[in-house]
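Colleague: Sharing a sequence plus its predicted fold:
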Amino acid sequence: MVEYWNKIVWPMLEGAQMTVLLFFIAIIVSIPLGFLLTLAVKSSFKPLSWLAHGYITIMRGTPLLLQLLLICFGLPMVPIIGEYLVFDRFVAACIGFILNYAAYFAEIFRGGLLAIDKGQYEAAQVLGLSKWQTTTRVILPQMFRVALPAVSNESITLIKDTALLYAVAVPELLHFAQTAVNRDFTIVPYFIAGIIYLIMTLILTLLFKRLERRYKFE
């Protein structure tokens with residue numbers, strides 16, 4: 001029995017490493033990119049603002065799975081330049097997750113900016129702060145504080161969405177669970193995969209709860 005558990009659990013834990021790696025890459029890149037998109041949306045240069053709005057609308061309005069399939073299998077079929085758009089499956093998945101989640105984080109940060117009272121800007125002007133000082137010392141800290149709960153929820157969704165890697169043949173957690181199910185004709189690997197996902201989301205939840213308590217959300 002122990003040998004069988006080791007036979008199915010260890011490969012799944014190896015797949016979970018791929019899951020965690022994708023999560024960290026996507027988070028580290030998509031959050032700054034999302035903030036840049038927020039700035040683009042609020043830009044007084046209208047073409048840039050419209051372009052950012054259009055990007056966010058498309059990325060949030062179409063399924064992440066469709067975007068992954070397009071990047072992995074669709075881009076190489078583009079005439080003339082398709083041969084230069086062939087990516088490793090994991091790299092393609094990272095690109096898809098980053099582009100998708102950047103759009104969601106952009107909307108979260110935009111909401112955080114809208115939640116800041118205009119009086120904060122006026123007070124900063126009265127104190128003689130420059131536009132840069134107002135942004136970095138007054139606005140951004142408050143924006144991130146307001147946006148933190150939503151960022152937490154989106155991050156938890158991200159770690160669960162990594163299961164979509166299975167659809168583009170990246171050997172992650174769900175891939176090894178499905179392999180074990182097909183090989184042994186048992187649903188036990190599904191439950192083990194669910195427990196592993198639950199542990200990862202619980203750890204992430206506790207980390208964000210600690211951050212929220214630090215910033216006095218509770």
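Modeller: Yep, it's here.
Colleague: Report the outermost residue of this protein with respect to its centre.
Modeller: What lies farthest from the middle of the chain is V126; by Cα atoms, centre = their mean that is 38.3 Å.
Colleague: Please report how far that one lies from G119.
Modeller: Here the criterion is Cβ to Cβ, to the nearest Å. By it, V126 lies 10 Å from G119. Any C-beta I mention is one placed from the backbone N, CA and C, and that applies to glycine too.
Colleague: could you say which helix or strand contains the nearest residue to I56 once chain neighbours are set aside?
Modeller: Leaving aside its sequence neighbours, I56 sits nearest to A103 (Cβ to Cβ, 6 or more residues apart in numbering; 4.5 Å). Per DSSP states H and E: A103 is located in helix 89-114.
Colleague: now M143
Modeller: helix 140-161.
Colleague: average model confidence for the next helix or strand after that helix?
Modeller: Once the chain leaves helix 140-161, the next helix or strand it forms, by DSSP H and E, is helix 173-184. Averaged over helix 173-184, pLDDT sits at 86.
Colleague: and the helix or strand that helix 173-184 is followed by, what other elements does it pack with?
Modeller: The C-terminal neighbour of helix 173-184 among helices and strands, as given by DSSP H and E, is helix 188-214. Using 3 or more Cβ pairs under 8 Å, 6 or more residues apart in numbering; DSSP states H and E as the contact test, the elements touching helix 188-214 are helix 2-41, helix 140-161, helix 173-184.
Colleague: Report all helices and strands that the shortest one contacts.
Modeller: With contacts defined as 3+ Cβ pairs under 8 Å, 6+ apart, helix 173-184 has these neighbours: helix 2-41, helix 188-214.
Colleague: Just say which of these is most tucked in.
Modeller: Ranked by mean neighbour count, the helices and strands packed on helix 173-184 are led by helix 2-41 with a mean of 17 (mean count of other Cβ atoms under 10 Å).
Colleague: Could you tell me the angle between that one and helix 188-214?
Modeller: 40 degrees (axes from the mean of the first three to the mean of the last three Cα atoms, to 10 degrees).
Colleague: Mind giving me the packing neighbours of helix 2-41?
Modeller: helix 46-61, helix 89-114, helix 140-161, helix 173-184, helix 188-214.
Colleague: Those: which one's closest to L68?
Modeller: Among those, the nearest to L68 by Cβ to Cβ is helix 89-114 (4.3 Å).
Colleague: And the next helix or strand past that closest one?
Modeller: Using DSSP H and E, the helix or strand that follows helix 89-114 in sequence is helix 118-126.
Colleague: Next one: T57 from A103, what distance?
Modeller: From T57 over to A103 the distance is 8 Å, taken as Cβ to Cβ.
Colleague: between these two, who's got more neighbours?
Modeller: A103 (20 against 11; other Cβ atoms under 10 Å).
Colleague: for the more buried one, what are its contacts?
Modeller: 34, 37, 55-56, 59-60 (Cβ atoms under 8 Å, 6 or more residues apart in numbering).
Colleague: on that earlier part again, pLDDT on the helix holding A103, on average?
Modeller: Mean predicted confidence for helix 89-114 is 92.
Colleague: re the thing from before, could I get the helices and strands packed on helix 173-184 as JSON lines with mean pLDDT?
Modeller: Listed next are these as JSON lines, based on pLDDT from 0 to 100:
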{"stretch": "helix 2-41", "mean pLDDT": "88"}
{"stretch": "helix 188-214", "mean pLDDT": "90"}
